[in-house]
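Undergrad: one predicted model, sequence on top.
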Amino acid sequence: MNKYSLSALVAAGLLAGGLSAGSASAADLGGNCCADLEERIAELEATTARKGNRKVSLTVSGFVAQQILAWDDGFESNAYITDTGAVSIGTNFSFTGKATIAPGVTAGFALKIEAINNDSLLVTQNTDDPGANALGAIANGGSLSPLAIESAYWFIKSETFGRVSVGQQSTAADNAAILPDASGSLVVANYVLYDVNGFFLRNNAGGAILPGAILGAGGLTYGSIASCYPLNGGGGVSGDCDGYPSNVVRYDSPTFSGFSFSASWGEDDIWAVSARFAGEFSGVKLALATAYNENTDETLGVGGPRPRGFKGAAWQIGGYVQHVPTGLFGYAAYAQEYNRSNIVDPAVALAQRNAFNNKPEGETYYFKGGIRQKWSPFGHTVLYGEYGNDDDKFTAQAFQAGVSGSELERYGIGIVQEIDAAAMSIWLAYRHYEPEVRGAGGADLQAQDFDLVKFGALISF
């Protein structure tokens, strides 16, 4: 007789216990009793969720995050209910597992699905419910489904030699400068434009800026002046210049005295390297990370295929410091993009070639400071202020449409309350955006400011 899962055996016991006292005793049952019981157990096993098999564990985890997003572009205002943004930071669920091959050596897998129906990256003044997931458009062939595969890979890990993983996953540079932020405010306040990416810039008359065949009827969006050349068309990534999961081979080293490094390579061709440090000294917590990536893939990006000869690169660095006894913290990040394209294909229109070859190289600064302190029995409270600046981070498409320079400043304040008993965070935040866009000859295109307030929560499982 097969061995059965505990839940199936308990269920079978309940079934057996349900026999009436007036039934025949077990000794009097016919020869088919055990076969019938085995059939019932098999049926129960088929409908029972189990924790992996006997060799590979299974863990289910994730979080749900939703928020109210109230905004004012100077001519119109409204309030939407949105997710917190796709690509690693929105509602998701994950299946992960591992098994021991030998002492100190394990194999495993990760499958992460984003479940996002109203992505804050995609909402605009005209679209309050896009009903899609930006990750689907980026990494999964343009799918409009609210479900998208964020990660799907297997790995082999040695405690001595490190980990090798293969499949769709973050590259070595993905989120590199963002992840050192341990303040508890990372989801609500980082330098990616998760809250305003899809909104259109307005001029002083309330109209679109540079509408036309290249940018569409709506013209410039906030994401199109906070992009990054290696992901040209990847609106709103700001300084996260390798910010999408890709099909790569990745290596992660063990940690030595707080130091570790990673490297990744993906098809046709993208590659990245990164290094990290984390430690605590005399009550001061410190975390640092830096990364460099290059991309010559002619298909990876939201803006559609890029011409043969495209090559983008970027460097980013981020650091976090916190005085643990007082909770005072500071975080800073910097990113620089590099345009190394040499597009000579005569089949590509001259204007497009010039746009990709000559677009200025932009840079991003971001600062955040505040206090993280446990003032209530619920959990830590985080108070913060932030400032960010994207200088000449417009896309090649915007350059082709007539943008000669841009700057996007943002200021913000917020509060995050952690609720430890529910693995939950609640936030209230305000942001003010000041875009400046220059056209031909450096003429100011008179973009209006943008204000927003976010109130939301995240609960993990």
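TA: Thanks, I have it. Numbers count the residues shown, from 1 in each chain.

Undergrad: what stretches of this protein score poorly on pLDDT?
TA: By pLDDT under 70, the weakly predicted segments of the chain are 1-38, 40-52, 136-144, 299-305.

Undergrad: what segments of it are helices?
TA: In the chain, the segments counted as helices under DSSP state H are 6-17, 33-46, 134-139, 350-358, 396-401.

Undergrad: ok, the closest residue in space to residue 243 that isn't next to it in sequence to residue 72 distance?
TA: Nearest residue to residue 243, sequence neighbours excluded (C-beta to C-beta, 6 or more residues apart in numbering): residue 237, at 4.5 Å. (Glycine included, C-beta is placed from N, CA and C.) Distance check for residue 237 against residue 72: by C-beta to C-beta, to the nearest Å, it reads 24 Å.

Undergrad: neighbours of residue 68, how many?
TA: By other C-beta atoms under 10 Å, the residues close to residue 68 number 13.

Undergrad: report the separation between the residue nearest to residue 243 and residue 249.
TA: In terms of C-beta to C-beta, residue 237 sits 23 Å off from residue 249.

Undergrad: neighbour count: the two, which is higher?
TA: residue 237 (28 against 16).

Undergrad: surely that one meets residue 229?
TA: No. The pair residue 237 / residue 229 is not scored as a contact, 10.3 Å apart, by C-beta atoms under 8 Å.

Undergrad: can you pull the contacts of residue 250?
TA: Shown in contact with residue 250 (C-beta atoms under 8 Å, 6 or more residues apart in numbering): 164-166, 169-172, 262-264.

Undergrad: mind doing that once more with 10 Å?
TA: The contact partners of residue 250, by C-beta atoms under 10 Å, 6 or more residues apart in numbering, come to 153, 155, 163-167, 169-172, 174, 262-266, 272.

Undergrad: and the strands in the stretch 201-350 of the chain, which stretches?
TA: 246-252, 259-266, 270-281, 284-295, 312-323, 328-339 (DSSP state E, counting those that start in this stretch).

Undergrad: export the last one as PDB, just CAs?
TA: C-alpha atoms of strand 328-339 as PDB (Å, rounded to 0.1, in the frame of the first residue of the first chain):
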ATOM      1  CA  LEU A 328      18.200  58.600  11.600                       C
ATOM      2  CA  PHE A 329      18.900  57.500   8.000                       C
ATOM      3  CA  GLY A 330      20.100  58.800   4.700                       C
ATOM      4  CA  TYR A 331      20.100  57.300   1.200                       C
ATOM      5  CA  ALA A 332      21.600  58.500  -2.100                       C
ATOM      6  CA  ALA A 333      21.800  57.200  -5.600                       C
ATOM      7  CA  TYR A 334      23.400  58.300  -8.900                       C
ATOM      8  CA  ALA A 335      23.200  56.900 -12.400                       C
ATOM      9  CA  GLN A 336      24.900  57.800 -15.700                       C
ATOM     10  CA  GLU A 337      23.900  56.600 -19.100                       C
ATOM     11  CA  TYR A 338      26.300  56.200 -22.100                       C
ATOM     12  CA  ASN A 339      25.300  56.400 -25.800                       C
END
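
Undergrad: who does it touch, helix- and strand-wise?
TA: Here strand 328-339 touches strand 284-295, strand 312-323, helix 350-358, strand 363-376, strand 379-391, going by 3 or more C-beta pairs under 10 Å, 6 or more residues apart in numbering; DSSP states H and E.
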